[in-house]
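K.L.:
Just need the structure, nothing else, for what follows:
(one chain, ligands or ions: 1)
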Amino acid sequence: MTKGMMAREYQNYIDGKWVGARSGRTFENRNPARYHEVIGTFPLSGKDDVDEAVGAARQAFESWRLVPAPKRGDILKRVGDLLTARKEEIARQMTREMGKVLLETRGDVQEGVDTAYYAASEGRRLFGHTVPSELPNKLNMALRVPVGVAAMITPWNFPMAIPTWKIFPALLCGNTVVFKPASDTPATAATLVEILLEAGVPPGVVNLVNGGGSEVGAALVEHPDVDLVSFTGSTQVGKRISEVAGRTLKRVSLELGGKNAQIVMEDANLELALEGVLWGAFGTTGQRCTATSRLILHEKVYDTFVPRVVRHAERLRLGDGLEAGVDVGPCINESQRRIVEEYVRIGVAEGAEVLTGGKAPEGDGLSKGWFYEPTVLGGVTPAMRVAREEIFGPVLSVIRVTSLEEAIAVANNTAYGLSSSIYTQDINRAYEAIRDIRAGITYINSPTIGAEAHMPFGGVRETGNGHREGGWTVYDFYTEWKTVYVDYSGRLQRAQIDNAEK
Ligand code: UN1
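P.N.:
Residues are numbered from 1 along each chain as shown. Purely as a prediction, here's the structure:
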């Protein structure tokens, strides 16, 4: 182990101070590629830690909301600079913490950098509207004001990018934050908070509370003084959050599951489609909510294309993402690998065929991590569970279709609707797919993963509740509209009432 890579004792950050959990309890975080390796210990927080963090955020809100938005933007610009300067170090820490390969963890940090610079520039926009009044000598406008205290509950698969999607726009708009990162990636979260502080975020404006969803997450969602919740994770937990937050009328943004399909038509550039599906299905070990979980193939190319996918999947190198030449890292933890194993079993029981993979690898030191071989399931039919349910692992279900209409119907045959893709050289087919695929994101001739930080991100149906992250749209979530009427007529003017003198 190199210096700086030793197990470290991490803390929460509450009200401007690094502190342990009040109970003194801690939990360990381990490297999923080498599970004997402890990365650090972290506070196992509870409701009292949450109360303190929310109290600090509430108090800090009164001054932070008054800092001019361009000044808040200047701080986020420095955050982007610091992330850039520390990109390599953070990427290494992240790979060690959650397993995906360095190329991808660098990309994860870059997404944070892009989000920081976007937020910084938004500080000089944050546009409202000025609107004519129906009455003379009167001006109407609508301004954006912050919502209040924001609870951010984030997943482990993009431990830097996803927290930045939430925290940066929230701060820019003048909200204060309580951040509960996934308990599989608390070290990356601590680094993000350190950087926010170094860039000049004042005490109490950002608070970090580590711990489990059922304690820390639940306490945040129930807390009467939390105004909004932004959550990325499973549909099951998202529904629960929505129900509980509804009791106190919190604003809630949910980014939930996906069962994304790549359609390949017989006229497609097959070389390109092959590269696309390998990256979409096995990049991040399939652990993206945008991952390509289904390959919907036109029957005319099925028999030639599938063996190529299998051959290339077999060439992907599994291993520790810090090592050069490794393509695919481990699953995040034991229970996630068990879910993947279970789904492959379900697929086989339903009549699918394991064309490659379908097991944990042996030997080569891989037995010390939560690895699972890139897996291709052939002969999948749309009704099977492996064709409809999210797996969140390196498993690709291949489905044969005979037409574009059928391909789109199969793509839509799931409860989710996050990302989608079609490979075709026919412009008419591409536009039909854009119109008819029910998903928040559709890619033409590129894979289902790889959303850009300045575009709306999110999905339809059970993927979310109608909000979008990223781009300009997320600024709607983090602001309330304040409508202002300025009457400079010097007399009482009554809207909707006939003001003509009698
Ligand atoms: C996720 O998996 O939750 O579009 C987010 C992508 C990434 C973000 C994925 N930029 O694949």
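K.L.:
May I see the buried residues of stretch 471-487?
P.N.:
Going by neighbour count (16 or more other C-beta atoms under 10 Å), the buried part of stretch 471-487 is 471, 474, 475, 477, 478, 479, 487. Just so you know, the C-beta spots here come from the backbone N, C-alpha and C atoms, and that holds for glycine as well.
K.L.:
I misspoke; the intended subject was stretch 25-36.
P.N.:
Within stretch 25-36, the residues that count as buried by 16+ other C-beta under 10 Å are 26, 27, 29, 30, 31, 32, 33.
K.L.:
Excluding covalently adjacent residues, which one is nearest to the first one?
P.N.:
With sequence-adjacent residues excluded and distances taken as C-beta to C-beta, 6 or more residues apart in numbering, residue 26 is closest to residue 41, at 4.4 Å.
K.L.:
Going by secondary structure, that neighbour is in what exactly?
P.N.:
Here residue 41, judged by DSSP states H and E, is contained in strand 34-43.
K.L.:
neighbouring strands for that strand, and are they parallel or not?
P.N.:
strand 8-9 (parallel), strand 26-31 (antiparallel) (DSSP bridges).
K.L.:
Tabulate those strands (TSV), appending distance to the ligand and mean pLDDT.
P.N.:
Shown next, in TSV, are the strands paired with strand 34-43 (distance: least, C-beta to the nearest ligand atom, whole Å; pLDDT from 0 to 100):
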stretch	distance to the ligand	mean pLDDT
strand 8-9	27	96
strand 26-31	20	98
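K.L.:
how about the residues of this structure that lie near the ligand?
P.N.:
Residues of the chain lying close to the ligand by C-beta under 6 Å from any ligand atom are 111, 157, 158, 232, 288, 289, 290, 449, 450, 451.
K.L.:
from the residues you listed, which ones fall inside strands?
P.N.:
residue 232 (DSSP state E).
K.L.:
So how do I select the buried members of the residues of the chain next to the ligand in ChimeraX?
P.N.:
To isolate in ChimeraX the members of the residues of the chain next to the ligand that are buried, counting by 16+ other C-beta under 10 Å, one can use:
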select :111,157,158,232,288,289,290,449,450,451
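K.L.:
what's the farthest-apart pair in the residues of the chain next to the ligand?
P.N.:
232 and 450 (16.9 Å; C-beta to C-beta).
K.L.:
Touching, residue 91 and residue 110? I think so.
P.N.:
No. Between residue 91 and residue 110 there is no contact under C-beta atoms under 8 Å: 9.2 Å.
K.L.:
who has more neighbours, those two?
P.N.:
residue 91 (25 against 17; other C-beta atoms under 10 Å).
K.L.:
now whatever residue of the stretch 1-150 of the chain ends up closest to the ligand, nearest residue through space, not along the chain?
P.N.:
Closest approach between the stretch 1-150 of the chain and the ligand, counting by C-beta to the nearest ligand atom: residue 111, at 5.9 Å. Distances taken as C-beta to C-beta, 6+ apart put residue 161 closest to residue 111, at 3.7 Å, once the chain neighbours are dropped.
K.L.:
and that neighbour, how many neighbours does it have?
P.N.:
Residue 161 has 22 nearby residues by other C-beta under 10 Å.
K.L.:
ditto for residue 389
P.N.:
Counted with other C-beta under 10 Å, residue 389 comes out at 17.
K.L.:
Test my guess that it contacts residue 347.
P.N.:
No. Using C-beta under 8 Å, residue 389 is not in contact with residue 347, being 10.2 Å away.
K.L.:
Which pLDDT value belongs to the residue nearest to residue 26?
P.N.:
Per-residue pLDDT puts residue 41 at 98.
K.L.:
can you check residue 463 too?
P.N.:
For residue 463, the pLDDT comes out at 98.
K.L.:
Which residues are in contact with the residue positioned nearest the centre of the chain?
P.N.:
Closest to where the C-alpha atoms of the chain average out (C-alpha atoms, centre = their mean) is residue 162, at 4.5 Å. With contact taken as C-beta atoms under 8 Å, 6 or more residues apart in numbering, residue 162 is in contact with 154, 155, 232.
K.L.:
Excluding sequence neighbours, find me the nearest residue to the last one.
P.N.:
Read it as residue 232. Nearest residue to residue 232, sequence neighbours excluded (C-beta to C-beta, 6+ apart): residue 255, at 4.2 Å.
K.L.:
Next: residue 401.
P.N.:
The shortest distance from residue 401 to any non-neighbouring residue, by C-beta to C-beta, 6+ apart, is to residue 407 (4.6 Å).
K.L.:
Can you give me the neighbour number for that neighbour?
P.N.:
Residue 407: 26 surrounding residues under other C-beta under 10 Å.
K.L.:
same thing with residue 347?
P.N.:
25.
K.L.:
Name the SS class of it, please.
P.N.:
Using DSSP: H, G, I helix; E, B strand; the rest coil, the structure places residue 347 in helix.
K.L.:
which residue sits closest to it in space, ignoring its chain neighbours?
P.N.:
residue 386 is the one closest to residue 347 (C-beta to C-beta, 6+ apart), at 3.8 Å.
K.L.:
How about the backbone phi and psi for the one you found?
P.N.:
The phi/psi pair for residue 386 (degrees, to the nearest 10) reads phi -70, psi -10.
K.L.:
just checking, it touches residue 352?
P.N.:
Yes. With contact defined as C-beta under 8 Å, residue 386 counts as touching residue 352 (6.0 Å).
K.L.:
Overlap in contacts, the two.
P.N.:
Shared contacts of residue 386 and residue 352 (C-beta under 8 Å, 6+ apart): 377, 380, 397.
K.L.:
Who are the contact partners of residue 447?
P.N.:
Counting by C-beta under 8 Å, 6+ apart, residue 447 touches 262, 276, 277, 279, 280, 292, 421.
K.L.:
So which of the residues you listed belong to helices?
P.N.:
Counting by DSSP state H, the part of these found in helices is 276, 277, 279, 280.
K.L.:
what's the farthest-apart pair in the residues you listed?
P.N.:
That would be 277 and 279, which, of the ones in helices among the contacts of residue 447, are the farthest apart (C-beta to C-beta) at 7.4 Å.
K.L.:
Helices along the stretch 301-450 of the chain, start to end?
P.N.:
Ranges of helices in the stretch 301-450 of the chain, per DSSP state H, counting those that start in this stretch, are 334-350, 385-388, 404-411, 427-436.
K.L.:
Can you add mean pLDDT and distance to residue 84 and give these back as TSV?
P.N.:
Converted to TSV, those look like this (pLDDT from 0 to 100; distance: least, C-beta to C-beta, whole Å):
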stretch	mean pLDDT	distance to residue 84
helix 334-350	98	31
helix 385-388	98	41
helix 404-411	98	38
helix 427-436	98	35
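K.L.:
Need those helices in a markdown table (columns: distance to residue 59).
P.N.:
Shown next, in a markdown table, are those (distance: least, C-beta to C-beta, whole Å):
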| stretch | distance to residue 59 |
| --- | --- |
| helix 334-350 | 38 |
| helix 385-388 | 47 |
| helix 404-411 | 49 |
| helix 427-436 | 48 |
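K.L.:
Of all the ones you listed, which one is nearest residue 69?
P.N.:
Closest among the helices of the stretch 301-450 of the chain, using C-beta to C-beta: helix 427-436, at 35.1 Å.
K.L.:
what's the closest one packed up against?
P.N.:
Packing partners of helix 427-436 (3 or more C-beta pairs under 8 Å, 6 or more residues apart in numbering; DSSP states H and E): helix 404-411, strand 419-423, strand 441-444.
K.L.:
residues in contact with the longest one?
P.N.:
Residues outside helix 404-411 that contact it (C-beta under 8 Å, 6+ apart): 261, 263, 265, 294, 296, 298, 382, 387, 399, 401, 420, 422, 429, 432-433, 436-437, 439.
K.L.:
pull the CA atoms of that helix into CSV?
P.N.:
Output of helix 404-411 as CSV, limited to C-alpha atoms (Å, rounded to 0.1, in the frame of the first residue of the first chain):
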residue,chain,number,x,y,z
LEU,A,404,-38.8,-1.3,-36.5
GLU,A,405,-42.3,-1.3,-35.0
GLU,A,406,-41.6,-4.5,-33.1
ALA,A,407,-38.2,-3.2,-32.0
ILE,A,408,-39.8,0.0,-30.5
ALA,A,409,-42.6,-2.0,-28.9
VAL,A,410,-40.1,-4.3,-27.2
ALA,A,411,-37.9,-1.3,-26.1
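K.L.:
Cool, thanks, signing off.
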